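# kindly return the folded structure for what I paste below:
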Amino acid sequence: MMSNSPESKPESPDVHEETPSTAEANSGSAPDGLAAPDAHAEGEAPNDASNGHAFPAAPTYEGDLEVQTLTPDDFDADDLRARLRTMMLSRRLDEKMMTLLKQGKGHFHIGCAGHEAAQSAIGMHSRPGQGAGHDWFCFYYRDLCMALTLGMSPEDALLAHLAKADDPNSGGRQMPEHFGLKDLNVMTTSSSVGAQFLPALGFAMGIQQRGEDNYVYASCGDGATSQGDFHEALNWATRRQAPVLFFVQDNKYAISVPVEDQTAGGTAYKLARGYDGLTRMRVDGTDFFAAASAAEAAMNHIRSGKGPVCLVADVVRLYPHSSSDDHSKYRTPDELEADRDIDPIDRLQHTLTDAGLLTDGEADEMRDDVRKQVDEAADWAKQQADPSPDTATKYVYFEDDDDIEYSSEADLDPDADPMVLVDAVNRTLKEEMARDESILVYGEDVAGEKGGVFTATKDLTAMFGEDRCFNSPLAEASIIGTAVGLAASGFKPVVEIQFADYIWPAMQQIRNQVAPFRYRSNDDWACPMVIRVPCGGYIHGGLCHSQNVESIFGHMPGLKVVMPATAADAKGLLTTAIRSQDPVLFLEHKALYRDAAARTPTPPENYALPFGKARTVREGEDMTIITYGKMVPFSEKAAKELEKDGFDVEIIDLRSITPLDSDAVIESVKKTNRALVVYEDHEFIGFGAEISAQIADIAFTYLDAPVRRVAGDFSPIPFAHSLEREVLPSDSSILEAARDLLAF
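Presented below is the predicted three-dimensional model:
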């Protein structure tokens, strides 16, 4: 068995960076990191770092699983040599990319140097590819060697560094090292630290749903374990016993912040011990054989259905955090030298030489071959085309035929039984779940007889089972984040955020994962989902049960936002949302759930309405009211009063925030020559300001009066009825503004 005796492990090293001229001229000498290993013996404790940081000693291995110690005798010799070569290739790519950067070819680099052995060890137990039987990978930005181990070519790495059109990760849309390799099941990577954990859990939930033995690789640095998403993911993954490897590559620094200033106990290994049922492991990640031994035990555990593993690999960061960083400002020369002494490439080469599997001459030849391969790949990549400027806004949304057969209001039977809005939501969910087994409904309190606090999901668990309608933890980021992984792996999550007021913990996932998912992957990846969100005031909900959020989420390219004002529109728009290839924020105004004003005849099954098509509630000649949500019935009341005065008011219900039916708005204003924009949210920087700006910009010469707005005060929404009524729009305030506008 592998020893549990601690080994004193210091911090991270520097690498003497070549200037461009030196790098290109010294092709016959070994670059730093690829030099022959020094006399530091494997198993011998490296020198203590002398920077004053009291880092805990890192053991060769400790943890909950028994680990069978692997040696060179347990591997095919050719495989070990190939792994060493891949590690050298990763290091040489790091060096080449920094040289290109200094030559003005490229704009950014963030290195893997020092992490190679741990990544190679995990990679050897992974099954990249697509289809049944293949694993899923949620990377972070230092996973270069892992990507190469899974099958990415050095040419692809250099296309990414140079932001070329054929970069398979993003087509030049993202910074280098933001991996996203669809053919290998490597999810498109967000820059946001820790954003990968919850999507990884979503992929794992999909694995469980399909009954497979795959696993999900979710990697990070030590700094990311301070993020709340890390702990949310550990909590839910452990409760579900989900097949996730949480792989923490602990190089002791989050940019310049040392681990003792980040992490209680100085290591994520100690943080993880509070999760009952989570298997913990910690290994010396600079020792390939130690890491491979731990990886084998972890993979056997996960693939046998025994739940998640948090594997902490103590590694070294041999380069600064990124090309924008200078680690000499916060790390001492002794510390940097100590890390160079345990360079994982040197250690593996030394071991293979001692085992008689590699000679010094063969290592030199391998190193030269790697250098030649990278140089040739770089020369080739430089010649490849840059992205065409006319593609800059492509793939924000799905651009092909959505294959939805749309209905119209004419398909409604006026004699059908009446239906309120919340029942329209419920019926649509039932019909769609019966039609498509990939649909999963979850959120807080949605399951069982309760069916959500508004009963929108009532009966779904009984009808479709606990695996298709279930409760989530009370954690909004978890709800949205897991939906990313589920959606990206072929499911259609329809998740509920109980109140719009509590969606903010999920903002990271919505803004930095969901919305740009398709765009940043150059259309390779998508995460179509529906996020149902009850919103709005008029229910005496106070500050945190009355918020309107459409202006904020309407500002996110890649996310569609709709808000129905009637039961029929709720059914038609929700059907489309579920069948859409884009993520949709589906806003449901709570005050309309059972409001008679929103009641309509029950639409037929498969009733689907297109996004971006406004509804003309009533036609008129004297003024246009542009509105949506709860303001539609208020505006109708005002229009009826104005009719008594001889005025004919047209009402446009937008229904869809993004995409916005600007044509319907402009054409109506051109006809009536007056525009009143009515919305419930704060007037200041509310969505109505965008509508007003478009009217003023496009239809100014048609206006006989200024564009007016009626909206909520710039204030939180208070609880008392008299106070709530004061800050929110009403039919009387709409009527007053309309009369003023008509009299202008």
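# ok now the longest helix seen in the chain, how far from the chain's centre?
Looking across the chain with DSSP state H, the single longest helix is helix 77-102. Distance of helix 77-102 from its chain centroid, counting by C-alpha atoms, centre = their mean, to the nearest Å, is 29 Å.
# which ones are touching P72?
Neighbour list for P72: L80, F289, T351, L352, A355, L357 [criterion: C-beta atoms under 8 Å, 6 or more residues apart in numbering]. Just so you know, the C-beta spots here come from the backbone N, C-alpha and C atoms, and that holds for glycine as well.
# farthest pair in these?
Greatest spatial distance in these: F289 and L357, 12.4 Å, computed using C-beta to C-beta.
# compare those two (neighbour count), which wins?
Under the criterion of other C-beta atoms under 10 Å, the comparison of F289 against L357 puts F289 first, with 23 against 18.
# so what pLDDT did the closest residue to D79 other than its chain neighbours get?
Spatially, and ignoring its direct neighbours in sequence, D79 is nearest to M124 (7.9 Å; C-beta to C-beta, 6 or more residues apart in numbering). With respect to pLDDT, M124 scores 94.
# rewinding a little: which ones among the contacts of P72 lie within helices?
L80, F289, T351, L352.
# count the neighbours of the nearest residue to the last one once chain neighbours are set aside for me.
The one in question is L352. With C-beta to C-beta, 6+ apart as the criterion, L352 has its nearest non-adjacent residue at 4.1 Å, and that residue is L358. For L358, the neighbour count with other C-beta under 10 Å is 21.
# and L358, what does it touch?
Counting by C-beta under 8 Å, 6+ apart, the residues that L358 touches are R81, L84, Q349, L352.
# now with 7 Å, please.
Shown in contact with L358 (C-beta atoms under 7 Å, 6 or more residues apart in numbering): R81, Q349, L352.
# from those residues, list just the buried residues.
The neighbour-count test (16 or more other C-beta atoms under 10 Å) applied to the contacts of L358 identifies R81, Q349, L352 as buried.
# how about the most centrally placed residue in the chain, secondary structure?
Nearest to the geometric centre of the chain sits Q513, at 2.5 Å (C-alpha atoms, centre = their mean). Following DSSP: H, G, I helix; E, B strand; the rest coil, the label given to Q513 is helix.
# that one touches P199, doesn't it?
Yes. With contacts counted by C-beta atoms under 7 Å, Q513 reaches P199, the gap being 6.5 Å.
# can you show me the strands along the stretch 201-350 of the chain?
Under the criterion DSSP state E, counting those that start in this stretch, the stretch 201-350 of the chain contains strands at 216-221, 244-250, 253-254, 257-258, 279-284, 309-314.
# okay, the ones you listed in TSV with distance to D334 next?
Formatted as TSV, the strands of the stretch 201-350 of the chain follow (distance: least, C-beta to C-beta, whole Å):
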stretch	distance to D334
strand 216-221	23
strand 244-250	20
strand 253-254	16
strand 257-258	15
strand 279-284	20
strand 309-314	18
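# and those strands: which comes nearest L440?
Of all the strands of the stretch 201-350 of the chain, strand 216-221 comes closest under C-beta to C-beta, at 17.0 Å.
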